[in-house]
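# Next input, structure requested:
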Amino acid sequence: MREVDIIARELVRLAKKVLPPEGNRKTWKIINDSGSVSYSPTKPGDAEESGPKMKDMGGEATPQDINDIKNSIGDTGGIDINKMIKDEIAKLRQTQSKPQQESVFSEKEKNLPDTVSQPVKTEKEVYESAKEAQEQMLDLLDRGKGLEKTLGLKHFDISKGEEPDYDVEGPVLITAPMKGKERATEKVESDYGGDWSQLQDVVRASVAVDSFDDVKNVMNELRKSGIKVAKKPTDRFANPTNVGYRDIKLNVQYPNGHIGELQLHMKPIIKAKATAHKDYEVVRSIEAKAKKENRDTLTPEEQKTVDEANQKMKATYEKAWEEGLSKKKAASMKTAKTGKEEKVEYHEYEGNPVIVERNKFPVMFVKGKPQVFRDFFKLHHDGNPIDKKRYDELSKRK
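Have a look, this model is predicted:
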């Protein structure tokens, strides 16, 4: 039996050929003895070439076409090839109809290094520099001389017990006290292999706005303020997670050299996160049970539950995303992946490569050492989807 990925590859080729440009019918052919699918320069009505029969598909694959390609690649091993081709065509049509959203970042910002380190290396040094940077961060964003002045931010200070109100009109700023040392130590050990120079969210804040246009306005004002972006931003508005979650994470270098974190959010998505969290509670019990049993696999029933929870989250976040877009802009935005679940997914979490395979929990590699990651919700909200090339690059780092 030929490998399943060969079948999928041939179906993708077929699907691409039956999606002609708008208003233009394409002629294509299947070469049964090799299983290849290719365009022909021959137009409908031209003299027929010798060799395999030419077919004018006009954008639709017929049962005979599916049979032709099925025969060309041999035994399918019980795979529903009719469903496979419909799924591939649906995904390609969606991709072609919704181009990728243009990033809010400049080429210079997008070409910044992927990694950066604090200028100090010990816990004590990190917290000493963070204390000073916390004040510098408040000067940049608040205190009547930063974004508060230029954008009219409403400030919610969590350290004072103030709960953010995402229903108020206009941008809001949320600041928090420095990350606690207990939680920081846990994160450094689990995510950074004990390297304190990689901890870059002791000083943190976020700005939430009403629409995507407002996100661009905030970035413009930050540039005018002289903000120094320390490394390549994580832009999940342009590249949403697999469940459709979107935000921006900036690592900012303050005047004393300390690197902190600034997140940019859209209010509709922040509010939708609460709903998504409730929908995902059923998965929490699966993760807890697996941890108790010390296993890194999922049963087929558990995988189905995870898939259903992911689909619910996708629907929730897509609705919130559309709410933050004008009708004029909506058609040009990239949507989260839909359709058939991928057999393998690749993610980046805190600079570490993560692989997700069907019927298994995610596995994160920290300095080459694998760790079972039994928290799908955290991965889909704090991680970043990447391709195989980027995954391989991260895997080679020591």
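# Now do the helix or strand containing Val215, average pLDDT.
Val215 is part of helix 212-224, with elements assigned from DSSP states H and E. Regarding helix 212-224, the rounded mean pLDDT is 91.
# List the buried residues in it.
Using 16 or more other Cβ atoms under 10 Å as the burial criterion, the residues of helix 212-224 that qualify are 212, 214-215, 217-219, 221-222. Using the backbone N, CA and C atoms, a C-beta is placed for each residue, glycine as well.
# Within its sheet, name the partner strands of the helix or strand just after that helix and how each one runs.
Using DSSP H and E, the helix or strand that directly follows helix 212-224 along the chain is strand 234-235. When sheet partners are counted by DSSP bridges, strand 234-235 sits next to strand 248-253 (antiparallel).
# burial measure for Pro385, as a count.
Using other Cβ atoms under 10 Å, Pro385 is surrounded by 21 other residues.
# measure Lys389 to Leu112 for me?
19 Å (Cβ to Cβ, to the nearest Å).
# more crowded one of these two?
Leu112 (15 against 9).
# got the angle for the helix holding Val215 vs strand 248-253?
10 degrees (axes from the mean of the first three to the mean of the last three Cα atoms, to 10 degrees).
# which residues of the chain fall in strands?
Using DSSP state E, the strands assigned to the chain run over residues 27-31, 36-39, 55-56, 154-157, 172-175, 204-209, 234-235, 248-253, 259-266, 344-349, 352-357, 363-366, 369-372, 384-386.
# Mind giving me the packing neighbours of the longest one?
To tie it back to what came earlier, the one meant is strand 259-266. helix 123-141, strand 204-209, helix 212-224, strand 248-253 (3 or more Cβ pairs under 8 Å, 6 or more residues apart in numbering; DSSP states H and E).
# list the buried ones in the longest one?
Of the residues in helix 123-141, those with enough neighbours to count as buried (16+ other Cβ under 10 Å) are 126-127, 129-130, 133-134, 136-138, 140-141.
# what residues are up against the nearest residue to Val243 once chain neighbours are set aside?
Spatial nearest neighbour of Val243, chain neighbours left out: Met313 (4.1 Å); criterion: Cβ to Cβ, 6 or more residues apart in numbering. The contact partners of Met313, by Cβ atoms under 8 Å, 6 or more residues apart in numbering, come to 243-245, 276, 279-280, 380.
# now these as JSON lines including pLDDT and distance to Gly193?
Formatted as JSON lines, the contacts of Met313 follow (pLDDT from 0 to 100; distance: Cβ to Cβ, whole Å):
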{"residue": "Val243", "pLDDT": "93", "distance to Gly193": "28"}
{"residue": "Gly244", "pLDDT": "93", "distance to Gly193": "31"}
{"residue": "Tyr245", "pLDDT": "95", "distance to Gly193": "27"}
{"residue": "Ala276", "pLDDT": "92", "distance to Gly193": "31"}
{"residue": "Asp279", "pLDDT": "83", "distance to Gly193": "34"}
{"residue": "Tyr280", "pLDDT": "89", "distance to Gly193": "29"}
{"residue": "His380", "pLDDT": "90", "distance to Gly193": "24"}
